[in-house]
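>>> here is my input; please provide its structure:
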Amino acid sequence: MTRLAAAAAALLALIAAAASAQPAGDLVALQADRQQWIQDTLWCGVGNVQIKYQDVSVRCDRVEVDLQTMVLRAEGNVILDRGETRMACDRVEFDLERKVGTMWQVQAFFPPLYHFKGERVEKLDETHYRFTEGVFTSCNLDAGTPPWTLEIRDALVEVEGYGHFRGAALKAKGVPVFYLPRLVWPLKRDRAAGLLVPNIGYSDVYGAYLGNAVFVPIGRSADTTFQLDLYSEGYVGLGDELRWAPAEDARGELFTSFVRDPETNKWEWRVLGRHNQLFPGGYALHAEVIDYSDIDFFQRFERTFDYNTLRSLYSYVTFSRNWGPQAANVRADHRETFFEQSGGTSTVVLERRPEAEYRLRSTPVGGSPLYLSMVAVAGQLYADRTATLRDSYTRLDLFPALSLLVPGWPWLNVTPAVGGRVTYYSKRYSADRTTFEDEPIYRRYLTGGLSIVGPSFSRVWTGRETKTKHLIEPRIEYQYVSDPGDPTQVPVFDERDSVLVTNRARFTLANRLFVKRGQGASREVGYLELSQDYSFSDPLTLGNPSLGLEPSNAGPFTAWLRVSPNQGTNIDARASVDAVTRNLTSTSLSGIVGGASGNLGLTWYTSFDPVSGGSVSSQTRVFAGIGPVRQPWRLEAHFAYDIKRQELLEQRYLVRWRGSCWTAYAEFRDYRIQPYPRRDYRVAIDFTGLGTFLDIHGSLGGAGQL
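Numbering: from 1, shown residues only. This is a model prediction of the structure:
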């Protein structure tokens, strides 16, 4: 008999023996270079052993399998796989039927991302393991000393549950960081309740800082985090972060915090929140809230870079619906704006209580070339500008408009438009604009317009793989607004209330450059616009009679260049020239150049005295980020500089290092703009699977030179 036939016969005998001991569908597949039956149900294999039973797979050098008890004893390069779990060990004793057993000298992987290496692992039942003398980590254990490990004396772990550790020592690159006699650690794909890693920090004003938080899931669609912060100078902070997502298109969050100020013995509070939800039928709900008991206190106390320079607070809730060319929404909001004055800070409060709005986009009327658009608004408003100029009132606003699409040529479009607007206010300003008077006021005016685009000219160049199109497009846009009456008695709330008499035209010459590569879509890569306004009534440039400069009905001459050669690069340059003196009035340059290894951004704005030509103000902001491809690090720097005054306004530096199983982050900001100049820092280290190990916030006091 040939060796192939003998192997086939042996394999058939093994299958027959397994079939006699197991019901159909639960056969044990056995394979090895050398194999023999010691007894009727005891099988031995040596060399390249492979065993499969249900969802369990075992590979090893030597094995004994008792098909009566379904217990196997394997040794030598043992690998036991079950689902996503893999355990490699020197030897194992395992019950294939009950899925329990013991492994010695183990290196194992447990989903979703944990590794274990140690003396022994006992699988106690379907989900529970006992570990003895080893280390846990989310890092690769085959690549030298892991960035972080959790060494344990023993542990009882539930898959998709919690790990209960005894004698746990956290080490970073083998260096002990802290020791805990007992530790409970969630080992779940889903969220798990528990204490988070403590945060520490220092401020020269508030002293040393220690904070901790506990995370609590609330069902499948919500969770919350409670926080406690303690400062050596007597400040105490309490906070909560509540997050929810009750539906696929609905989610929100609410952050509340309370801080006890030891100087006043008062509890100050802060609320930040938002909610967004989409409903069937085109309905949508959007809400956001931001409020402080004392914004000055929190701007001195706040540790985050984004909120400690706020000078306005805006909260709103909007319920809207869009259908076809129509849209309707109801909005309530509250806005507070803070102004620095010599006597302190003044506050302006504006509220909608609420306001309903209907909009109709330009829509053809029947089958005619006429197009109708409309805006209708009704609302209850409240304004608090001074101690006497504060009250609530009603505003009704209606603004329909008609435009005509004039038939013509493809290279020339002519669109005239007319409209009328009427606004009702239930109250008006007094003659000296210091109080409200209970007397309604109406404002009515007419609008008109004419848009002429063309004649347009273009030329196309065809290359081997690209097409380039240059389009020259002149435009004339005329606007007319009739006299709306005396504006001094109109209570001003937003842009609807500020109306200027207009009788002017804008002349524009636009150059557009498009590139199409292969079968892709055409893309605009360059745009150059030259424009100037001309008034048919009042002068747009006042001039200076004392210097012999007469007023002019022509406005500033402006040039606008936009270049975008690729997706990562965009440059925008603008300049305005006075119509009388021919001197520059303003220039601006902004842009970003990006690539795979980094990006560079610049914003530079300068304003000039049109008579003397000298600069009045000049400021720039620069951003640079470097992070080479396939490198773990990234550097960022931000600068804001007042060129005219030769003053640094802000500087900010950020370093991020992303390892295989950890991330480090460091940031420093020197903010020098009044009224709250400050220098802040933050250092954070996050261990994958363990969470934020270190998060240090601190303040170095007021701004100063480094």
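
>>> could you measure from the residue nearest to residue 128 when sequence neighbours are not counted over to residue 119?
Among residues not flanking residue 128 along the chain, residue 158 sits closest, at 5.4 Å (CB to CB, 6 or more residues apart in numbering). For the C-beta atoms, the positions are set from N, CA and C on the backbone; glycine is no exception. Separation of residue 158 from residue 119 (CB to CB, to the nearest Å) stands at 20 Å.

>>> returning to what we had before: burial of the residue nearest to residue 128, as a residue count?
Neighbours of residue 158 under the rule other CB atoms under 10 Å: 17.

>>> the closest residue in space to residue 120 that isn't next to it in sequence: which element?
Closest residue to residue 120 apart from its sequence neighbours, by CB to CB, 6+ apart: residue 132 at 4.4 Å. For residue 132, the host element (DSSP states H and E) is strand 128-137.

>>> list the contacts of that strand.
Residues outside strand 128-137 that contact it (CB atoms under 8 Å, 6 or more residues apart in numbering) are 106, 110, 114-124, 141, 146, 148-159, 163, 165, 661, 689.

>>> using CSV, write out every CA atom in it.
Extracted C-alpha coordinates of strand 128-137, given in CSV (Å, rounded to 0.1, in the frame of the first residue of the first chain):
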residue,chain,number,x,y,z
HIS,A,128,-14.8,34.0,32.8
TYR,A,129,-11.0,33.6,33.0
ARG,A,130,-8.5,33.6,35.9
PHE,A,131,-5.0,35.0,35.2
THR,A,132,-1.9,34.4,37.4
GLU,A,133,1.4,36.3,37.4
GLY,A,134,1.3,38.3,34.2
VAL,A,135,0.8,41.6,32.4
PHE,A,136,-2.1,43.2,30.5
THR,A,137,-1.7,45.7,27.7
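
>>> just checking: what are the partner strands of that strand?
Paired with strand 128-137 in the same sheet, following DSSP bridges, are strand 114-123 (antiparallel), strand 148-158 (antiparallel).

>>> adding distance to residue 81 and mean pLDDT, write these out as a markdown table.
Formatted as a markdown table, these follow (distance: least, CB to CB, whole Å; pLDDT from 0 to 100):
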| stretch | distance to residue 81 | mean pLDDT |
| --- | --- | --- |
| strand 114-123 | 13 | 88 |
| strand 148-158 | 18 | 86 |
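
>>> which other helices and strands does the helix or strand containing residue 74 contact?
If you go by DSSP H and E, residue 74 is part of strand 71-82. When contacts are defined as 3 or more CB pairs under 8 Å, 6 or more residues apart in numbering; DSSP states H and E, strand 71-82 packs onto strand 56-66, strand 85-95.

>>> tell me how the protein divides into domains.
3-183, 539-616, 632-706 (automatic domain parsing).

>>> any weak-confidence spans in the stretch 501-650 of the chain?
Nowhere does the stretch 501-650 of the chain drop to pLDDT under 70.

>>> sorry, that was for the chain
Looking at the chain by pLDDT under 70, you get 1-26, 186-197, 201, 203-205, 299-310, 340-344, 675-676, 690-691, 693, 701-706.

>>> that one: helices as residue ranges?
3-21, 295-301 (DSSP state H).

>>> need the strands for the stretch 101-250 of the chain, in chain order.
Remark: strands assigned in the stretch 101-250 of the chain by DSSP state E, counting those that start in this stretch are 114-123, 128-137, 148-158, 161-172, 175-187, 194-195, 199-203, 207-218, 222-231, 236-247, 250-261.

>>> oh sorry, the question was meant for the stretch 551-700 of the chain
Assignment of strands within the stretch 551-700 of the chain using DSSP E, counting those that start in this stretch yields the ranges 554-566, 569-577, 584-595, 598-608, 615-626, 633-642, 647-658, 662-671, 678-687, 691-699.

>>> how about those in TSV, adding mean neighbour count?
Listed next are the strands of the stretch 551-700 of the chain as TSV, based on neighbours: other CB atoms under 10 Å:
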stretch	mean neighbour count
strand 554-566	16
strand 569-577	17
strand 584-595	16
strand 598-608	17
strand 615-626	15
strand 633-642	16
strand 647-658	16
strand 662-671	18
strand 678-687	19
strand 691-699	18
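
>>> redo those as a markdown table? Include distance to residue 289.
Formatted as a markdown table, those follow (distance: least, CB to CB, whole Å):
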| stretch | distance to residue 289 |
| --- | --- |
| strand 554-566 | 37 |
| strand 569-577 | 34 |
| strand 584-595 | 32 |
| strand 598-608 | 31 |
| strand 615-626 | 30 |
| strand 633-642 | 29 |
| strand 647-658 | 28 |
| strand 662-671 | 26 |
| strand 678-687 | 25 |
| strand 691-699 | 24 |
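
>>> to residue 270, which of these lies closest?
Closest approach to residue 270 among the strands of the stretch 551-700 of the chain is made by strand 691-699 (15.8 Å; CB to CB).

>>> show me what that closest one is packed up against.
Checking 3+ CB pairs under 8 Å, 6+ apart, strand 691-699 ends up next to strand 199-203, strand 678-687.

>>> okay, the domains of the chain in JSON lines with distance to residue 248 next?
Converted to JSON lines, those look like this (distance: least, CB to CB, whole Å):
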{"stretch": "domain 3-183", "distance to residue 248": "23"}
{"stretch": "domain 539-616", "distance to residue 248": "30"}
{"stretch": "domain 632-706", "distance to residue 248": "27"}
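
>>> which of these sits closest to residue 502?
domain 539-616 (10.8 Å).

>>> list the beta-bridge partners for residue 95.
residue 71, residue 100.

>>> oh, that last question was meant for residue 314, not what I typed.
Applying DSSP bridges, one finds that residue 314 bridges with residue 335.
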